[in-house]
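Trainee: One predicted model, sequence on top.
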Amino acid sequence: MPLFALAIVVTALAPARAADPVQRVEVRLTIDGGDPHPLIIRRIVETIDTAAQRLLIGRDSELVGRQETALAGVLRDVVDRVVRGYRVQSMSFQPGTTTVVLVRLQPLPPVLGELPVVTLLDTIHPDAQPLVRAVLEPAIPDLRTLLVRLPAEALEWAAAIVEHRTTEVVEAAAVGFTAAGRVEVTPVARIVILITARDSRVIRDIGVRFRSTSIPYILIGPHGPQVISMAEPLRGLPVVFATAQRPRLEAMLRDRLAAYEPVVQYGVVAVPSLQVGEVTHVTVVAESTLYRGRVEARINFGTRAPATDVRAQLGRVVGSLEPYVELTMVPSTLSLHWAFGLRVEVARGAHIGFRTGLDGTEQEGYLSYQISPNVHLRGAYLVRADTVETTLGYRMNESFTWEAVATSRGMFWLRLVGNL
């Protein structure tokens, strides 16, 4: 009996075993009237979580339960002070190793709705602004709803979220650009975005190249300044943006070229292509749909090469047919030779034709194919000489083309063709 009494006394005097301390806090948030944007929710939860961790981490979980009213009151005061624009309606804990903090907030009026977004493109050419706006348009709805159900007072801390989110959205939608966003509340609430180039590599200069098989360079070359003027909206655009939007930029130039008076007057089809860089080159492939004119100086190199000559052609396009006359001058003999021919377009870039001198000499049938804007292949059968002649040409620039010529009789020579 004495031993039993001693055991009871020892048990009564022994200290109670402490409960597990709080190691983690989980915040569960409810907002009256509906949730604002997820980024706003995240910022509020992070703020409450930080305050709750400082208050609860390491405390005895049972003690937290017994002192819930006092601890919740302290946390409520912190949240009311830090999370401006909201009032804590209720706060409670579910104590444990992971303590759950239940919070219900009420937004203080006035509460914002969907705001208009104003984009400022002051650094972009006015004619290029519609393209940039079109690229940005899919991202605008996300920005309009960024502040829905947010109290106006909360802009004191939510403005930084708007700025960061605006930059993220614009940089993702329009590569090469960045943005600075701000919220204006007077005279009306709106989100204002200033769009600027993000990259230092922007289009600083513009060059023009012409390609044509039907218009002499002396006729189209002088129109270079007008083409540069048409391409002026490209200046200042980030190189990566212009590269990504090259089809749209080429379409803009194509429309401008189609409305150019000489193009309309002479039935010219002008197709631009862009080589984008800090110095961007506009290559215009121009072909007349009414008349075809060519003036070429042909210098031949080789022991068995023909004499150097100058050839001028003038043709009239009728559907897919092109009858033409040709005048050849040989400077070494000062002789002139007239010829006429017919060329038929059988496919895009492919022609077959026949050419004969007025005296019946130099008869030939030929097939030509434009492999690329700079490479062409031509095969001809010379009737009088009973010879097949094959020519492969590479156009170096708008003025000069190198050609390699080989015949079925084993002759070979190089030719430099100058587009006059």
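Mentor: Sure, I can see it.
Trainee: alpha carbons only for contacts and neighbour counts from here, please
Mentor: Will do.
Trainee: Now for I228: which residues touch it?
Mentor: Going by C-alpha atoms under 8 Å, 6 or more residues apart in numbering, I228 touches I206, G207, V208.
Trainee: Next step: the residues you listed restricted to strands.
Mentor: Taking DSSP state E, the ones among these that sit in strands are I206, G207, V208.
Trainee: What subset of those residues is buried?
Mentor: With burial judged by 16 or more other C-alpha atoms under 10 Å, the buried subset of those is I206, G207, V208.
Trainee: JSON lines please, covering the residues you listed and showing pLDDT and distance to L63.
Mentor: Shown next, in JSON lines, are these (pLDDT from 0 to 100; distance: C-alpha to C-alpha, whole Å):
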{"residue": "I206", "pLDDT": "95", "distance to L63": "75"}
{"residue": "G207", "pLDDT": "93", "distance to L63": "78"}
{"residue": "V208", "pLDDT": "93", "distance to L63": "80"}
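Trainee: Return the member of these nearest to Y369.
Mentor: Ranking these by separation from Y369, with C-alpha to C-alpha as the measure, puts V208 on top at 24.9 Å.
Trainee: Wait, the closest one touches H281, no?
Mentor: Yes: using C-alpha atoms under 8 Å, V208 is in contact with H281, at 5.5 Å.
Trainee: Can I get stretch 21-36 in PDB? Just the C-alpha atoms.
Mentor: Output in PDB follows, covering the C-alpha atoms of stretch 21-36 (Å, rounded to 0.1, in the frame of the first residue of the first chain):
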ATOM      1  CA  PRO A  21       5.800  22.200 -31.900                       C
ATOM      2  CA  VAL A  22       4.400  24.000 -35.000                       C
ATOM      3  CA  GLN A  23       6.700  23.300 -37.900                       C
ATOM      4  CA  ARG A  24       4.600  24.500 -40.800                       C
ATOM      5  CA  VAL A  25       1.800  27.000 -41.500                       C
ATOM      6  CA  GLU A  26      -0.900  26.600 -44.100                       C
ATOM      7  CA  VAL A  27      -3.100  29.600 -45.000                       C
ATOM      8  CA  ARG A  28      -6.600  29.000 -46.300                       C
ATOM      9  CA  LEU A  29      -8.100  32.200 -47.600                       C
ATOM     10  CA  THR A  30     -11.700  33.200 -48.300                       C
ATOM     11  CA  ILE A  31     -12.600  36.600 -49.700                       C
ATOM     12  CA  ASP A  32     -16.200  37.900 -49.600                       C
ATOM     13  CA  GLY A  33     -17.600  38.800 -53.000                       C
ATOM     14  CA  GLY A  34     -15.300  36.500 -55.000                       C
ATOM     15  CA  ASP A  35     -11.600  36.000 -55.600                       C
ATOM     16  CA  PRO A  36      -9.500  38.600 -57.400                       C
END
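Trainee: quick one: buried residues of that stretch?
Mentor: Buried residues in stretch 21-36, counted by 16+ other C-alpha under 10 Å: P21, V22, Q23, R24, V25, E26, V27, L29, T30, I31, P36.
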